[in-house]
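> Next input, structure requested:
(one chain, ligands or ions: 2)
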Amino acid sequence: MTKVLLANIDAPGQRKIEKYRERGGYRALEKALQMEQSAVIEEVKTSGLRGRGGAGFPTGMKWSFVPRNTGKPTFLLCNADESEPGTFKDRLLLERDPHLLIEGMAIAAYALDCHLSYIYMRGEFGFLTETVESALEEAYKAGLLGPSVMGRDYALDMHLHLGQGAYICGEETSLIESLEGNRGYPRIKPPFPAVSGFLASPTVVNNVETLAALPWIITNGGSAYAAMGTEKSKGTKLFSVSGHINKPGTYEVELGYPLMDFINNESGGMRSGHKLKAVIPGGSSVPVLTASECEGVLLDYESLLKAGSMLGSGGMIVLDETTRMPETLSVIADFYAHESCGQCTPCREGTGWAAKILRNLITGKGKKSDIDLLLKIADMMEGKTICPLADADVMPIRSFVTKFRSEFESLCST
Ligand SMILES: Cc1cc2nc3c(=O)[nH]c(=O)nc-3n(C[C@H](O)[C@H](O)[C@H](O)COP(=O)(O)O)c2cc1C
Ligand code: SF4
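Ligands and ions are numbered 1, 2, ... in the order given. Down below sits the predicted model:
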């Protein structure tokens, strides 16, 4: 299977610019710089690449929303906040192949006529600062960043910015607020960042994995990328898989790959010969699938939606028959209650109440009526807030409670 993102992930010395270049690195940037900026955008549109941060929005289309000649600078921000529970795919790229990201960002920046870009990396990735900073330094020294990229009349600066450990700063407008030095409160959209983002200027926010796919697309052409995957979900995708499987890790497969093959082959099958109970396919904020719902499901945006879940960030959590679903949900609900920024009443209060009710249920202090109360709270949160964090709590609550209701009931004596 073609590897777009992980082709050299285990290659020795890949972090260093010499090795990266020996293996063909920065040739895609050279090619892009010889193309018209609009032609680079067209190539990305042809590829069908969709944002890998969670929402799956078409990348080329997002770029084409950026207004030109506004008199304001255009900014490119790489979202390396990666805080969704179960998700650890971007980390692998940052840690092992940072030049792939830098090259992808330089291609995107050129296409967007952007001269200043930032990598916004979650605070907990502080241990990767040196890796990313030294890759940036190497790129500057090699003339791949700076006043004249590859000797051309094109200037690009790129900096690393470390967040402070708030999940909400992965939401793009919150990330922008945080980068501006403000508290990470999400903004009401519209205006969308493409029109008014960082410093009220046109801004593109893209995920690490999205940007890292660009060198391959420019080298091989958008059509070659579009030839992989399914009709609407093109290319390859990273899935970071954890839970009750034998080989947790990050794997790259073509979109449309069968979910059960991914569990049995890439993930090494269920641990200790246990039976599969449930799968959270795309990070903790997507609906859980029961084992029987997983049969025949393909790993692509449409197939997972049809099955009642979502592809999300590709952070897959596999749960076996020993899992106590109310306890798992309680852990997830605690996370969202902790990470709510508190701006919207339904989210601030709802996430907190849901977490408290679940804690009562799992410690034997709950009542059967609490189960419906949980669902009522979920209804009152959904779609009523500034950003989708509240919905990210609703999806697991509703799916866990409705699909595994008897387990919740068995915890209540009244
Ligand atoms: C609560 C919340 C957290 C998010 N966290 C991340 C994140 O850690 N990384 C990421 O790339 N996108 C995250 N997103 C999605 C971003 O808002 C945005 O859609 C994405 O960075 C766009 O990049 P893409 O088009 O390349 O996917 C989050 C969204 C929400 C609502
Ligand atoms: S939904 Fe929650 S996290 Fe998002 S802005 Fe409102 S309070 Fe903050």
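> Over to the residue of the stretch 1-150 of the chain found nearest ligand 1: give its phi and psi.
For the stretch 1-150 of the chain, the residue closest to ligand 1 is residue 51, as judged by CB to the nearest ligand atom, at 2.1 Å. From N, CA and C alone the C-beta is placed, and that goes for glycine too. Dihedral angles of residue 51 (phi, psi; degrees, to the nearest 10) stand at phi -60, psi 130.
> Make 475 the starting number, not 1.
Understood, numbering begins at 475; the last thing we discussed is residue 525.
> what about the longest helix along the chain and ligand 2, touching?
Secondary structure of the chain read by DSSP state H shows that its longest helix is helix 819-836. Yes - against ligand 2, helix 819-836 shows contacts by CB under 6 Å from any ligand atom at 821-822.
> quick one: contacts of that helix?
798, 800-801, 803-804, 807-808, 810-811, 814-816, 840, 844-845, 847-848, 851-852, 854-855, 858-859, 863-864, 867, 871, 882, 885-886 (CB atoms under 8 Å, 6 or more residues apart in numbering).
> Using PDB, list the CA coordinates for that helix.
The C-alpha coordinates for helix 819-836 follow below in PDB (Å, rounded to 0.1, in the frame of the first residue of the first chain):
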ATOM      1  CA  THR A 819     -23.900  28.100  29.600                       C
ATOM      2  CA  PRO A 820     -25.100  24.800  28.000                       C
ATOM      3  CA  CYS A 821     -21.500  23.600  27.700                       C
ATOM      4  CA  ARG A 822     -20.200  24.900  31.000                       C
ATOM      5  CA  GLU A 823     -23.100  23.600  33.000                       C
ATOM      6  CA  GLY A 824     -24.000  20.600  30.900                       C
ATOM      7  CA  THR A 825     -20.500  19.000  30.700                       C
ATOM      8  CA  GLY A 826     -20.200  19.500  34.500                       C
ATOM      9  CA  TRP A 827     -23.600  18.000  35.300                       C
ATOM     10  CA  ALA A 828     -23.100  15.000  32.900                       C
ATOM     11  CA  ALA A 829     -19.700  14.200  34.600                       C
ATOM     12  CA  LYS A 830     -21.300  14.400  38.100                       C
ATOM     13  CA  ILE A 831     -24.200  12.200  37.200                       C
ATOM     14  CA  LEU A 832     -21.900   9.600  35.600                       C
ATOM     15  CA  ARG A 833     -19.600   9.700  38.700                       C
ATOM     16  CA  ASN A 834     -22.700   9.000  40.900                       C
ATOM     17  CA  LEU A 835     -23.800   6.200  38.600                       C
ATOM     18  CA  ILE A 836     -20.400   4.400  38.600                       C
END
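> That helix: which residues count as buried?
For helix 819-836, a neighbour-count test (16 or more other CB atoms under 10 Å) marks 820-829, 831-832, 834-836 as buried.
> That one - what's its average pLDDT?
For helix 819-836, mean pLDDT is 98.
> after that helix, next one along is what?
helix 842-855 (DSSP states H and E).
> how about the helix or strand where residue 650 lies, does it reach ligand 1?
Counting by DSSP H and E, the secondary-structure element that holds residue 650 is helix 646-653. Yes - counting by CB under 6 Å from any ligand atom, ligand 1 has neighbours in helix 646-653: residue 646.
> now swap in stretch 803-820 and tell me
No - against ligand 1, stretch 803-820 shows no contacts by CB under 6 Å from any ligand atom, the least distance being 7.6 Å.
> picking up where we left off before, quick one: neighbours of the residue of the stretch 475-624 of the chain closest to ligand 1, just the number.
Using other CB atoms under 10 Å, residue 525 has 20 other residues around it.
> Check it and give its pLDDT.
98.
> got it, and the one 3 residues further on?
pLDDT, the model's per-residue confidence, is 93 for residue 528.
> My read is that it contacts residue 558, right?
Yes - using CB atoms under 8 Å, residue 528 is in contact with residue 558, at 7.0 Å.
> Please enumerate the shared neighbours of those two.
Residues touching both residue 528 and residue 558 comprise 757, 759, 786-787, with contact defined as CB under 8 Å, 6+ apart.
> quick one: the longest helix of the chain to helix 842-855, angle?
Between helix 819-836 and helix 842-855, the angle formed by their directions is 160 degrees, by axes from the mean of the first three to the mean of the last three CA atoms, to 10 degrees.
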